[in-house]
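1. only geometry, no sequence info:
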């Protein structure tokens, strides 16, 4: 079939059906001179060879290999979700910030937790000293979670939680809070990051060793596929890998390799691939080089589709790589912070032209501290301006066919596939991580970049070129040091009011389940409802799983 | 035989972002120093114990989680208690400029934040060590 | 300086002073010699262990497990972890102690990281002196972890009483070359990460190579399987170590004496070398001759022959 024939087929069957379900935002998208902008542009060629190549490499949006987008109409129907990561201090303060953001037009919540919560320490644990409420909200018990979601309808707002080691516990808490709101778990929409492999590589909030951590993840995947079907149970992340200093190829390769490891683990645990794979989602960075980034996203989609189809025989819903993007924090400078607004705008364009499903834009003061309210607002406005004023959302995959972008897409896919083949040789991603291969590769890239910045070979405006004398910044976000005290007091109160016997019983059940092959989620849910603390639940699992010790690769 | 400069690089607290710390460790090695890299999740107690056993000239602490005002002075305090305040203590990471005076008052000799180059840090360490060895 | 200088009034070890003296040994061995002579004391009870093997097999994690075991027996434990220094810059990243972090604040555990400072052979030049120092101040167990890469890293066998050679399944063809050279070094073979595929095969390979050894020695190195990250196999390993210690003691200190002799020879050689180099560096006549002898037209072999004859004359050999 020629492209024309394929296009006709796609328009009449796929596109039309999609528009019925998701009507386009406007009856007509026009240029400034009155011409209609088509939903999709493609080569006007009669050549059989060109058609074949086009179908093989690009295809149509919403169709294998999904290079051009996961969905037929993309932003013409629904814009990406504008989801700003936030949360700090106490649950009450986070709740206030969330309500503010929802009022300002944000369409989904993205929650940041403090390090003790992420790693499994209660706020009164010695290791938590100085860390409580700093990089996110402190959650010790269900009481905190109830406070966090006070007045926020969980059946209307989708929630993304950046939580990994303790994802099971936080998810259980969301389910418990929803129940109290009268919302059934089947109606809940959201995501937990739940990607432990990248923690060992790049982010560092691991607690248990890799094997039991993988088991926890497959427990969650199984539980969600039955009880919380609209929930994205894992957000396989490349953002942190990129932030740790990898290049674009490594970002794709290691993320997809992590994905392969999770799929294999779930299948080994007895799950049918199509029962969970459609709910796998991904998370990438949007870096500075716009053309390379757009190519990267397209390459990732195509490569994942091939992997799911060829390696796992998965159905079409499982082949689709849906992803969230965050603009790259490490590109922002402390010098001349307003320049960061411009960087973020370009990175936003990259993410949108690359077809992201949701986006977090960084604030200009990220390199200095947690962002101030007006900085956060500007970051949100950046997304809104790109969405409504720039026109890039009015046609699908606009940069397709660009010689540069298509070449880069091919190149990134090829090199990422080579990395994945190498990792296969090493025995899979878990092996590759344990032997330090992945970390070494990232290290090499990271070191090169840093050296290039220091030598001036890589220009960073305001940092190593176009510098100026500056006044130290003002109006910085300051965290109230009394938060730690307040949180500790809160734990005491909850402990005083709860039924200790029930707590003991449910905790013992967690430990027993951890030592067996039972799914841990129902037991964790029971413990959470009894107001067991996060730390108490983690300690039960730790008693069985042990703790992971860092393996440094330098 | 030339006397090597020994530096301990550590990440106190729960912060897991070690890209910067690893870079500094490598840069110091490339400058001929012996770097005892103790990695993530270090407490002030483990940092000071290691620093003393390894007889380091300097300790570099990297922290991006905001917990610097608690953790860094505690390291300085412990060094003092163990009679090791001659060990040069410096920090880096995400530390707001307005917190630097407080840290300097509490035993941290210098804070190298975003934009500081590795050669600055190397020079800083070398100058201090040279001065200390001349005094001995 | 004597042993007491390293102790605080209430009998505890002065870690700071000990650590500083080790730095002195590393940086200024001549200055340290006098002090070492004074404070040296025999410690027959001390267990001297060497741990070597290719990178990535888990030596440090294993050391961590051994520390825990000996601490549970209330022994004072010291570890010297040697890592490679950069041949270009002279610097080093010493990261072994990360895997022993659970003992970081145990006052009876002393961990010191050393760069090999260009020394080939797997150990740092100061390792032997530091080991003597540590036993002299009362450590019951001294573990030396060497930069085990291949066949040249054999220093360790002359230094310690019991050498643990750590391997792991899946190392590939490199193991073949390794094994051929390393057979003589190991008193105990450790297969770490024994849960990985190929453990059984590796064990068979080692056993076969052992059986091919030309000399029938009284001690056949046992092969112990461990999973260091789970602290599995440590008991079996320490039992094998204890057996080897018994063997060494029972042989009327023959083996130990051999090692002591070898160590002493090394000390003498090192001393001759250092003295000679220092002497020659300051000696004008020698420097002149060396310059002339290495000039382009001169036959270096002829020059060396003259040099040798000259020395023989001087030393009356």
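-> Yes, it's here. Because the structure is a prediction, the values reported are computed rather than measured.
2. ok, residue C:300 - contacts?
-> Residues near residue C:300 by Cβ atoms under 8 Å, 6 or more residues apart in numbering or on different chains: C:293-294. Every C-beta, even on glycine, is put in place using the N, C-alpha and C of the backbone.
3. and it, what's its pLDDT?
-> The score at residue C:300 is 80. That number is its pLDDT.
4. the strands in the chain, which residues?
-> As the question left the chain open, I've gone with chain A. A:81-82, A:85-86, A:109-112, A:159-162, A:190-192, A:231-232, A:234-237, A:280-286, A:323-327, A:358-360 (DSSP state E).
5. sorry, should have said chain C
-> Under DSSP E, chain C gives strands at C:47-52, C:77-83, C:92-94, C:109-115, C:141-145, C:162-167, C:188-191, C:223-225.
6. do the same with chain B
-> So, for chain B - with DSSP E - the strands run B:6-12, B:34-42, B:58-63, B:88-93, B:110-113.
7. relative to residue A:335, which of those strands is closest?
-> Closest approach to residue A:335 among the strands of chain B (Cβ to Cβ): strand B:110-113, 10.4 Å.
8. returning to that earlier point: among the strands of chain B, which comes closest to residue A:24?
-> Closest among the strands of chain B, using Cβ to Cβ: strand B:88-93, at 46.9 Å.
9. without its sequence neighbours, what residue ends up closest to the closest residue to chain A within chain B?
-> In chain B, the residue that lies nearest chain A is residue B:16 (1.8 Å; Cβ to the nearest Cβ). In space, and not counting its chain neighbours, residue B:16 is closest to residue A:204: 1.8 Å by Cβ to Cβ, 6 or more residues apart in numbering or on different chains.
10. so the one you found sits right up against residue B:22, yeah?
-> No. Counting by Cβ atoms under 8 Å, residue A:204 stays clear of residue B:22, with 11.7 Å between them.
11. between these two, who's got more neighbours?
-> Neighbours per residue (other Cβ atoms under 10 Å in any protein chain shown) separate residue A:204 from residue B:22, with residue B:22 holding more: 26 against 23.
12. now whichever residue of chain A sits closest to chain B. Its backbone dihedrals?
-> Evaluated by Cβ to the nearest Cβ, chain A has residue A:204 as its residue closest to chain B, separated by 1.8 Å. In this entry, residue A:204 is assigned phi and psi values of phi 90, psi 10 (degrees, to the nearest 10).
13. got the contact list for it?
-> Going by Cβ under 8 Å, 6+ apart, residue A:204 touches B:15-18, B:40.
14. show me what the top helix by length along chain A is packed up against.
-> Counting residues, the longest helix found in chain A (DSSP state H) is helix A:403-425. Helix A:403-425 is packed against helix A:48-57, helix A:248-268, helix A:290-306, helix A:437-455, with contacts defined by 3 or more Cβ pairs under 8 Å, 6 or more residues apart in numbering or on different chains; DSSP states H and E.
15. would you mind listing what in the stretch 301-450 of chain A touches chain B?
-> A:330, A:333-335, A:367-370, A:443, A:446-447, A:450 (Cβ under 8 Å from any Cβ of the partner chain).
16. for these, which entry has the maximal number of neighbours?
-> Neighbour max across these (other Cβ under 10 Å) = residue A:368, 26 neighbours.
17. next, give phi and psi for that residue.
-> According to degrees, to the nearest 10, residue A:368 has phi -100, psi -40.
18. ok, it touching residue B:95?
-> No. Using Cβ under 8 Å, residue A:368 is not in contact with residue B:95, being 9.5 Å away.
19. how many residues are close by the residue in the stretch 201-317 of chain C that chain B sits nearest to?
-> Closest to chain B within the stretch 201-317 of chain C is residue C:274: 10.1 Å, counting by Cβ to the nearest Cβ. By other Cβ under 10 Å, the residues close to residue C:274 number 12.
20. and residue B:31, by the same measure?
-> As a burial measure, residue B:31 scores 20 neighbours (other Cβ under 10 Å).
21. residues touching it, list them.
-> Taking Cβ under 8 Å, 6+ apart as the test, what residue B:31 contacts is B:122, C:89, C:91.
22. where in the stretch 401-550 of chain A is pLDDT low?
-> A:473-478 (pLDDT under 70).
23. around chain C, pick out the residues from it.
-> Going by Cβ under 8 Å from any Cβ, the residues of the stretch 401-550 of chain A near chain C are A:427, A:435-436, A:546, A:549-550.
24. now swap in chain B and tell me
-> For chain B, the residues in contact with chain C (Cβ under 8 Å from any Cβ) are B:1-4, B:6, B:25-26, B:28-39, B:42, B:45-46, B:49-50, B:52-55, B:82-84.
25. cutoff 6 Å now
-> B:1, B:3, B:25, B:29-30, B:32-39, B:45-46, B:49, B:52-53, B:55 (Cβ under 6 Å from any Cβ of the partner chain).
26. which parts of chain C are helices?
-> Counting by DSSP H, the helices of chain C are C:15-27, C:29-39, C:59-72, C:127-136, C:156-159, C:174-182, C:199-211, C:234-250, C:254-282, C:284-293, C:300-315.
27. actually, chain B.
-> B:19-30, B:44-53, B:68-81, B:100-105, B:118-135.
28. what's the neighbour count on the spatially closest residue to residue A:7 that is not a sequence neighbour?
-> Excluding the flanking residues, the one nearest residue A:7 by Cβ to Cβ, 6+ apart is residue A:42, at 5.9 Å. Counted by other Cβ under 10 Å, the residues lying close to residue A:42 total 20.
29. and for residue C:53?
-> 27.
30. which parts of chain B sit against chain A?
-> Residues of chain B lying near chain A by Cβ under 6 Å from any Cβ: B:13-14, B:16, B:19, B:22-23, B:26, B:39-40, B:65-67, B:70-71, B:96-97, B:114-115, B:117.
31. closest to residue A:219 among the contacts of residue A:204?
-> Among the contacts of residue A:204, and counting by Cβ to Cβ, the member closest to residue A:219 is residue B:16, at 23.7 Å.
32. how much space between the closest one and residue C:275?
-> Note on residue B:16: its distance to residue C:275, by Cβ to Cβ, to the nearest Å, is 52 Å.
33. put together TSV for the strands of chain C, with mean neighbour count, distance to chain B and mean pLDDT on each row.
-> Output for the strands of chain C, formatted as TSV (neighbours: other Cβ atoms under 10 Å in any protein chain shown; distance: least, Cβ to the nearest Cβ, whole Å; pLDDT from 0 to 100):
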stretch	mean neighbour count	distance to chain B	mean pLDDT
strand C:47-52	26	19	94
strand C:77-83	26	9	95
strand C:92-94	25	5	94
strand C:109-115	26	5	96
strand C:141-145	27	14	95
strand C:162-167	26	21	92
strand C:188-191	24	24	94
strand C:223-225	21	28	95
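34. what's the closest of those strands to residue A:536?
-> Nearest to residue A:536, of all the strands of chain C, is strand C:109-115, at 30.7 Å by Cβ to Cβ.
35. near chain A, anything from the closest one?
-> No. Counting by Cβ under 6 Å from any Cβ, chain A has no neighbours in strand C:109-115; the shortest distance is 12.3 Å.
36. pLDDT below threshold where in chain C?
-> C:1, C:148-153, C:172-182, C:214-216, C:252-253, C:317.
37. what parts of the stretch 1-150 of chain C come near chain B?
-> C:15-16, C:19-20, C:23, C:27, C:89-95, C:98, C:104-105, C:110-111, C:113, C:115.
38. give me the number of residues near the closest residue to residue A:285 other than its chain neighbours?
-> Distances taken as Cβ to Cβ, 6+ apart place residue A:242 nearest to residue A:285, at 4.1 Å, with adjacent residues excluded. Residue A:242 is flanked by 28 other residues according to other Cβ under 10 Å.
39. quick check: bridge partners of the residue nearest in space to the middle of chain B?
-> Centroid-nearest residue in chain B: residue B:60, 1.5 Å away (criterion: Cα atoms, centre = their mean). Beta-bridge partners recorded for residue B:60 (DSSP bridges): residue B:9, residue B:90.
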